[in-house]
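> Structure, please.
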Amino acid sequence: MENKAAFSLEKYFFSKVDINLENRKSNDLGISFEPSGVFLSDSSSYELKFIFKADTEGGEIPFVAIECVATFKFENVNDIEEIPTYFYRNSIAIIFPYMRAFISTVTLQANIPPVILPTMNLSSLEKPLRENTTQI
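Residues are numbered from 1 along each chain as shown. As a prediction, the model looks like this:
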């Protein structure tokens, strides 16, 4: 009988926060997410890097860029090929509420109109995350 892969969130932190209001050209926001990951085979853990960027129409450089790093621990996974496909979608869904709350808090504390993200279906990020995952 084959053991099912299980994973849990071990920790997360915000490794980079950049707010540059000189890059904010209007109130029309455009947002983007850039997921990537590294599977650490020696510890059966996965490091997810989740980058959020907010820019405005006419702005070439984001006025808010926030990078979150989350570490997930696997059971019964020893190689990148053994990571179940549902992990990629679920890992983003697990970390997104923390990212969303942090974005609201940090932009509010900057005394600017806060960037308040709605709940979002980010399942479209599953494929980019899988494609931007490496193993060391």
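
> now the end-to-end length of stretch 105-115.
9 Å (Cα to Cα, to the nearest Å).

> bridging residues for the closest residue to Met99 other than its chain neighbours?
Among residues not flanking Met99 along the chain, Cys68 sits closest, at 5.2 Å (Cβ to Cβ, 6 or more residues apart in numbering). Using the backbone N, CA and C atoms, a C-beta is placed for each residue, glycine as well. When bridges are called by DSSP bridges, Cys68 pairs up with Phe14, Phe50.

> Give me the distance between Cys68 and Glu126.
Distance, Cys68 to Glu126, using Cβ to Cβ, to the nearest Å: 17 Å.

> can you check Asn111 too?
Distance of Asn111 to Glu126, computed by Cβ to Cβ: 36 Å.

> who has more neighbours, the two?
For the pair Asn111 and Glu126, the greater number of neighbours falls to Glu126 (19 against 8), based on other Cβ atoms under 10 Å.

> other SSEs contacting the helix or strand hosting the more buried one?
Element membership for Glu126 (DSSP states H and E) is helix 126-131. On a contact count with 3 or more Cβ pairs under 8 Å, 6 or more residues apart in numbering; DSSP states H and E, helix 126-131 meets strand 29-40, helix 85-109.

> low pLDDT regions in this protein?
Low-confidence regions of the chain, defined by pLDDT under 70, span residues 1-3, 5.

> center of it - which residue?
With distances taken as Cα atoms, centre = their mean, Phe50 lies nearest the centre of the chain, 2.3 Å away.
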